[in-house]
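> all I have is the shape, not the residue letters:
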């Protein structure tokens, strides 16, 4: 008695509702929809080179083209795809275009997309090891592989050796900002404990440090974590250090803070800043930070400059930026995972399980902001497994070589100057002030150059300011990019510059 | 002169590197890899019903099966896929299985997966409107559509009417935790300003409130934002309110805090708590919060109970939980977007552009933790566009009906009790203490029932604690689930209970 099959009233109250024939994951639909999406993508990659990189659309354009309310009834999937082709594609800034040279490119590969696709389909929520053992283990393994590829010290790895597990480990997050936030919070809590603060009463005395070239998101993450805006130090840099953080200057600032009763808590060093790819001297900065017992973090973009990395507390890098692993994939390694989990651990009853309580597993929710998490390790592992380290290195060397090629061309043309020494695959350049041209004129001319280039649809460059100068950023590395695209962009830059100069005369 | 084509030395220094033939997005590879992934997924959905929901693997199993270091050379994609089939699938907890009844299911659909796939391939980084106009506009549109579907007040919508744009708007984030964090930070900063705090000196006086049934991530988000752990109020609930937050109790606690010199800053109400799906009375709570000028937020799971929603400041819900939109997709709406952007805005030189400066566009980076962001709006829009609101409602009604069916069956069997009234699609039940069985015995018997069920591989249920009682959670809604799966699980529960009871005697 009481079973479903002998209790018809359990159904009748709900009539047909309980036997809905809507099957959102019907395997035939899945196959059909996804194959259509794949064909769309393949066609997109073939044609994206010829599409304007920056679209010519006005704010609100999409609302004008699509329905303003959700439809009541269902539509064939082809209708959805048709609207994407007709209305979405023409409004895209094509980050996948080989003519995209703005910001840092978001790199990608067939293996990464396939990995993300499988992750979407499996749709695991790997908050604890038990909730998705393979997802957790794959993430840990992929991070260890990547650490080896970057030749990080083994103290950052999770691998269990004969001597048992160390304290090192990592996690894959959505953004660099999240990596900064979780380490800032761990450093904050440790500094509060160290300084004998009651609750957060000591928070107004904590101070954090980075060069003024550091990504704006660092300063935002500090504010999110509750640091006093007055104690977030943006240390000025200049051409004398190629815009890198000067350790002597850092020491002075930190010492002055200590003298004023503040508690140095966290120092951020960057290898390859966003604005100009400046390289902070990691080892020397870590040594200064260690004097004050502050958390030492750094954000690398390239292995070559990682001297001193064994002396930092955490490292973060985003394979979606250079390692062909599509958004979002930011890797964070720490030397002591307990310093993170002390601040981030939650233990609600409904997530308790034997594996977690054994202490033999990693529950990745305790190293991130959220609880839920995609199976992000899969695509990172698939990229390394499919392409192998040699191809990945070749890919990075090729980007750097193309940027070097562009830099050499800029340097060989008297009308231009390279404003900051090139590091990695970013060239910061501008039309040089010449003749009667003032610095103000130069800004206007360079802004005009950027805007005209971008309006052609044949190239997209962004700009930055270095020491008050308006500078164009030429970032190489979009995954469909070849030498010929760099070459065409340079030809376009020269031609457009000639036109502007002639008009100016 | 100086052009690339007349300056051969620009190439020679780098030899072959500049002409790498590695094409990570070769359209043929893209097509081939992705079609293989699609076939894998289709087969996976066909077979997942017969796979053990919880895998039988030990910590470290994957490292033992796969290489411990990244390979140097590349491998055919088939090798990668073979390793996934052989080593990853057997270690998965199959959230996609129709026999998954744990936690809240992560729902999915063919349209959502296709949307996520296209987003991965386009790989835009939509921090500003200009960086991806279609992605920003699609996200705004999808949020407005969903707001209409949930019948949210128009004050939360972005839509531009004859009267121009209001202050409302939304953003799609990765997790509910991030939605809580960004609103907490906005509320924190507003409370600091309001209370005349110098910097964050007033932070130790701010207080925040939620019911003890609120998701653990609320308390974590409060700590991330720097609130004093001593001022994070977890207000006890009990059976007299069906575990919902009692507004009178809230008022008392808030008034006592004010009397003690604290500043009430933020109140979190939940419609459908994680533990037991309790429903906090949104309107009454908003009224109490308004007395103290605190930020009023709530997290709904279901439209039906949204009375009073017009009086809250923000709303968050995750379509990946119930709206067939795979991870990750959490929607946050606020009545006044400026209250978010005041705290979260960054404005580095390299992101400046005319569209942002015109004030006519939304730059979504200013409503989230990070800068980078996937094109998450696409999949949400594709789900609504393809299936239409009628099917989506049918899907939710069907889940609720199946849960009701299960609840009725449990109620009809004297050996069991439903511990908390069912809301939505979650049934919290247990074997009832009977005969000589003490409460302690009951916990042991129910834990044994859960463990045996989960070991069969034929069902996966999680547990929670309600008023100190160990309770099984039966959550309906996995996207492949049909009535027969609910029925089989109930048969298995009855049979296993009979076995346990017989052994106990």
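Good, I have the coordinates. What you see is a predicted model; the values in this text were computed from it and never measured.

> what about the helices in the stretch 251-400 of chain A?
Along the stretch 251-400 of chain A, the segments classed as helices by DSSP state H, counting those that start in this stretch run A:282-291, A:319-322, A:337-344, A:354-358, A:377-411.

> point out where the stretch 251-400 of chain A drops to low pLDDT.
Low-confidence segments of the stretch 251-400 of chain A (pLDDT under 70): A:300-305.

> in it, what residue is nearest chain B?
Across the stretch 251-400 of chain A, the shortest distance to chain B (CB to the nearest CB) belongs to residue A:370, at 3.1 Å. The way it works is simple: take the backbone N, C-alpha and C, and place the C-beta from them, glycine included.

> quick one, phi psi at the nearest residue to that residue once chain neighbours are set aside?
In this structure, residue A:370 finds its nearest non-sequential neighbour in residue B:175, 3.1 Å apart by CB to CB, 6 or more residues apart in numbering or on different chains. When read as degrees, to the nearest 10, the backbone of residue B:175 gives phi -140, psi 160.

> residue B:175 against residue B:328, yeah?
Yes: assessed by CB atoms under 8 Å, residue B:175 is found in contact with residue B:328 at 6.4 Å.

> how about the helices of the stretch 251-400 of chain A in TSV, adding mean neighbour count and distance to residue B:409?
Below are the helices of the stretch 251-400 of chain A laid out as TSV (neighbours: other CB atoms under 10 Å in any protein chain shown; distance: least, CB to CB, whole Å):
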stretch	mean neighbour count	distance to residue B:409
helix A:282-291	20	62
helix A:319-322	25	48
helix A:337-344	18	40
helix A:354-358	13	29
helix A:377-411	23	38
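
> Throw those helices into TSV and include distance to chain B, thanks.
Shown next, in TSV, are the helices of the stretch 251-400 of chain A (distance: least, CB to the nearest CB, whole Å):
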stretch	distance to chain B
helix A:282-291	22
helix A:319-322	8
helix A:337-344	7
helix A:354-358	7
helix A:377-411	4
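
> residue of chain A closest to chain B, please.
With CB to the nearest CB, the shortest gap between chain A and chain B falls at residue A:226, namely 2.3 Å.

> quick one, what contacts the residue lying closest to that residue once chain neighbours are set aside?
In space, and not counting its chain neighbours, residue A:226 is closest to residue B:226: 2.3 Å by CB to CB, 6+ apart. Residues near residue B:226 by CB atoms under 8 Å, 6 or more residues apart in numbering or on different chains: A:188, A:200, A:203, A:225-227, B:188, B:200, B:203.

> rerun at 7 Å
By CB atoms under 7 Å, 6 or more residues apart in numbering or on different chains, residue B:226 lies in contact with A:200, A:203, A:225-226, B:203.

> what does residue A:112 give?
A:324-326, A:379, A:382-383.

> where does it fall, secondary structure wise?
helix A:110-122 (DSSP states H and E).

> tell me what angle that helix forms with helix A:377-411.
150 degrees (axes from the mean of the first three to the mean of the last three CA atoms, to 10 degrees).

> I'd like the next helix or strand past helix A:110-122.
By DSSP H and E, the next helix or strand past helix A:110-122 is helix A:133-149.

> and the next element down the chain from that next one?
Next along from helix A:133-149, by DSSP H and E: strand A:169-173.

> just to revisit the earlier point, tabulate the helices of the stretch 251-400 of chain A (CSV), appending distance to residue A:436.
Conversion of those to CSV gives the following (distance: least, CB to CB, whole Å):
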stretch, distance to residue A:436
helix A:282-291, 43
helix A:319-322, 41
helix A:337-344, 58
helix A:354-358, 72
helix A:377-411, 23
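
> looking at it, residue A:203 is touching residue B:203, isn't it?
Yes: if you go by CB atoms under 7 Å, residue A:203 and residue B:203 touch, sitting 5.9 Å apart.

> next up, the contacts around residue A:25.
Counting by CB under 7 Å, 6+ apart, residue A:25 makes contact with B:45, B:108-110, B:479-480.

> out of those, which are close to chain A?
Among those, proximity to chain A is found for B:45, B:108-110, B:479-480 (CB under 7 Å from any CB of the partner chain).

> could you provide the residues you listed in TSV, with additional columns for pLDDT?
Converted to TSV, the ones next to chain A among the contacts of residue A:25 look like this (pLDDT from 0 to 100):
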residue	pLDDT
B:45	96
B:108	97
B:109	98
B:110	98
B:479	95
B:480	96
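
> any idea which of those has the most stuff around it?
Greatest neighbour count in these, by other CB atoms under 10 Å in any protein chain shown, goes to residue B:110: 31 neighbours.
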